[in-house]
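Asker: Predicted coordinates and the sequence they were generated for:
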Amino acid sequence: MQRDAADFKPKGDFGVVGNPPYGERLEDAREVHQLYRKIGNEFREFPYYSVYMITSYVEFEKAFGRPTTKRRKLYNGNIEVQFYQYYGLRRKRPQA
């Protein structure tokens, strides 16, 4: 499914995997940086939501606005990409 990051509304307590444009095919790296900043700003409103993003953009963490919980190097074809994992906060269970 494809949609604008500003239209994102969570439907549960679980995360989402995103594969946004890398900037490999886009002319302007500034556009990619602004897109990732916009995504990061949207997810700030949902601290219990985990976010997983795949991109080759080396400034992703800076644009997203926070350091990653975990990061893994992968390859998408011949493009080296990073799998950025941001774990959401855990909800406290009610006391019995």
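Answerer: That came in fine, so what should we check first?
Asker: Please point out which parts of the helix or strand containing Val81 sit buried.
Answerer: When elements are assigned from DSSP states H and E, Val81 belongs to strand 79-86. Within strand 79-86, the residues scored as buried using 16 or more other CB atoms under 10 Å are Val81, Gln82, Tyr84, Gln85, Tyr86. To be clear about C-beta, it is placed using only N, CA and C from the backbone, and glycine gets the same treatment.
Asker: Return the distance of the closest residue to the fourth one other than its chain neighbours relative to Glu61.
Answerer: So the one you mean is Gln85. Spatial nearest neighbour of Gln85, excluding adjacent residues (CB to CB, 6 or more residues apart in numbering): Lys70 at 4.3 Å. To Glu61, Lys70 is 12 Å away according to CB to CB, to the nearest Å.
Asker: Then Asn19?
Answerer: 17 Å.
Asker: And the two? Which one has more around it.
Answerer: More crowded of Asn19 and Glu61, by other CB atoms under 10 Å: Glu61, with 18 against 12.
Asker: helix/strand/coil for that one?
Answerer: Here Glu61 is helix, with the state taken from DSSP: H, G, I helix; E, B strand; the rest coil.
Asker: So the residue nearest to the spatial centre of the chain, which state does it fall into?
Answerer: Residue closest to the average C-alpha location in the chain (CA atoms, centre = their mean): Met53, at 4.0 Å. At Met53 the chain is in strand, as set by three-state DSSP.
Asker: For the lengthiest helix in the chain, enumerate the helices and strands it packs against.
Answerer: Ordering each helix of the chain by length in residues (DSSP state H) puts helix 29-43 first. Counting contacts by 3 or more CB pairs under 8 Å, 6 or more residues apart in numbering; DSSP states H and E, helix 29-43 is packed against strand 51-55, helix 60-64.
Asker: Helix or strand next in line after the last one, which one?
Answerer: I take that to be helix 60-64. strand 70-76.
Asker: Neighbouring strands of that next one in the sheet, and parallel or not?
Answerer: strand 79-86 (antiparallel) (DSSP bridges).
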